[in-house]
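Colleague: Need coordinates for the following:
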Amino acid sequence: MSSPVAGLDPLVAPHADLSREETERYSRHLIIPGFGLTAQQRLKNARVLVIGAGGLGSPALLYLAAAGVGTIGIVDDDVVDVSNLQRQIIHGVSNVGQPKAQSAAESIAELNPLVTVQQHVVRLDNSNALQIFAEYDLILDGTDNFATRYLVNDAAEILGKPYVWGSILRFDGQVSVFWAQHGPSYRDLYPDAPPPGAVPSCAEGGVLGVLCAQIGSVMVNEAIKLITGTGVSLLGRVLIFDALEMTWREVRVRRDPDAAPVTELIDYQAFCGLPTEKAPDVPSVSVMELETLLRERGSGSRDFDLIDVREPGEYEIVSIDGATLMPRNAILSGEQTVSPDRDVYVHCKAGSRSADVVQHLRAEGHSRVYNVDGGILAWVKQIEPDKPVY
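Modeller: Down below sits the predicted model:
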């Protein structure tokens, strides 16, 4: 166990001055005892990079801008989808289809035109992370996958930069600060990546929209403290939030004294046990072929099993009539079994999870199992367009 790290020096030197407009805008900061003018000048001089303009990035970006952080970078190569709007409050209906970085930059400009926004419309990987990170004082990591989290950690350690990490799923959130030069890193909290598929993404498991604001605002609070040297950082502590019980608890984490320093970036897909190349083709059918098969099954001329490997919440939103729900992890773990003596067709949301299941079953000797290309998204688009998608 380690004690909370107090007494860290301010991360950023103060800017020379504030304009009259800035003084008026940030006046409620300036009158806080122990914060005041110098802290605001440090915020003005700060350069903060936010990875992901999604659930956590949305409130983080808005509050960083409102606080007066002088330069804000956004890394995101995705576009706004209507399913994002339940939680990604930096975007609106008019932004659907627009690059998230651009949409976020427009919202920031509307909120505070005095800050500078730099858009990095790229997928962060080991070829660009060090170059991008080098431009900034502090990183906020709002990503939702382990491979990118380890990449962020290692790039920050190599460059000697602190970063604030947040994680959300369903009703639960976590937030901490990592800075290998002064305390623990993400690798001290998670020395090994969990097995692929063990932890569902928000797209698979869902997330309470307001949880993004609760965790994202704590992330910005930690960023402000690091920049200004105010208060006690979460470095060495992980804050865990349960939105259902409305409780916060704290877990201490310490630096592994035997950990070798990170000196280079690696293949993070491979480190997390994810495929590093395009997965081999699996036997599959199109949704048009599946429709024909279901008609034949209905007439009694063909018999087979149709398995939906999504999560129960996804199944409740939309399903294919006649499909049996058997979540992917239940099959991969052996909790639920598939008959090797029947033809089996497997689908998920878009085709990737079901392809994993088909590969797994075929490796175990199930020679009569097939993937449904495109999953239920393709089914709704081509077969039953009146059904909802998510």
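Colleague: CA atoms for contacts and neighbours, from now on please.
Modeller: Will do.
Colleague: if I look at the residue nearest the centre of the chain, how far off is His91?
Modeller: Centroid check for the chain by C-alpha atoms, centre = their mean gives Asp144 as the closest residue, at 2.0 Å. Taking C-alpha to C-alpha, to the nearest Å as the measure, Asp144 and His91 are separated by 18 Å.
Colleague: Quick check: pLDDT value at Ala198.
Modeller: For Ala198, the pLDDT comes out at 73.
Colleague: List the contacts of it.
Modeller: Ala198 makes contact with Asn329, according to C-alpha atoms under 8 Å, 6 or more residues apart in numbering.
Colleague: okay, and for the chain, where does confidence drop off?
Modeller: When residues are selected by pLDDT under 70, those of the chain lie in 1-7, 197, 274-280.
Colleague: Show me how the record splits it into domains.
Modeller: The domain map for the chain lists 20-271, 284-382, with the assignment taken from automatic domain parsing.
Colleague: tally of neighbours for Ser191?
Modeller: Just so we're on the same page, residue 191 is Pro rather than Ser. Number of residues near Pro191 (other C-alpha atoms under 10 Å) recorded here: 12.
Colleague: Turn the domains of the chain into a markdown table, columns for distance to Pro10.
Modeller: Rendered in a markdown table, the data for the domains of the chain read as follows (distance: least, C-alpha to C-alpha, whole Å):
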| stretch | distance to Pro10 |
| --- | --- |
| domain 20-271 | 4 |
| domain 284-382 | 45 |
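Colleague: So for Asp9, which of the ones you listed sits nearest?
Modeller: When the domains of the chain are ranked by proximity to Asp9, the top entry is domain 20-271, at 5.4 Å, counting by C-alpha to C-alpha.
Colleague: Show the end-to-end separation of that closest one, please.
Modeller: For domain 20-271, the separation between the terminal residues is 51 Å (C-alpha to C-alpha).
Colleague: same deal with stretch 85-97?
Modeller: End-to-end distance for stretch 85-97: 12 Å, by C-alpha to C-alpha.
Colleague: quick one: contacts for the residue nearest to Arg368 when sequence neighbours are not counted?
Modeller: Spatially, and ignoring its direct neighbours in sequence, Arg368 is nearest to Asp343 (4.9 Å; C-alpha to C-alpha, 6 or more residues apart in numbering). Taking C-alpha under 8 Å, 6+ apart, we find Asp343 in contact with Asp303, Phe304, Asp305, Arg368, Val369.
Colleague: before we move on, the earlier item: do I have it right that the residue nearest to the centre of the chain meets Gly166?
Modeller: No - no contact is recorded between Asp144 and Gly166 when judged using C-alpha atoms under 8 Å, the distance being 9.1 Å.
Colleague: show me what contacts the residue nearest to the centre of the chain?
Modeller: Contact analysis of Asp144 by C-alpha under 8 Å, 6+ apart lists Ser167, Ile168, Ser201, Cys202.
Colleague: and the longest helix for this protein?
Modeller: Counting residues, the longest helix found in the chain (DSSP state H) is helix 209-228.
Colleague: Need the contact partners of it.
Modeller: Taking contacts as C-alpha under 8 Å, 6+ apart, the residues outside helix 209-228 that touch it are 8, 10-12, 39-40, 42-43, 46, 55-60, 63-64, 86-88, 138, 140, 164-168, 171-177, 230-234, 243.
Colleague: Then stretch 28-40?
Modeller: The set of residues external to stretch 28-40 that reach it, using C-alpha under 8 Å, 6+ apart, is Pro14, Thr23, Tyr26, Gly68, Thr228, Thr230.
Colleague: with those in mind, which one is nearest to Asn153?
Modeller: Distance ranking of the contacts of stretch 28-40 against Asn153, using C-alpha to C-alpha, places Thr228 first at 22.1 Å.
Colleague: Any idea how many residues pack against the closest one?
Modeller: Based on other C-alpha under 10 Å, the number of other residues close to Thr228 is 23.
Colleague: ditto for the one 3 residues further on
Modeller: Under the neighbour criterion other C-alpha under 10 Å, Gly231 is assigned a count of 16.
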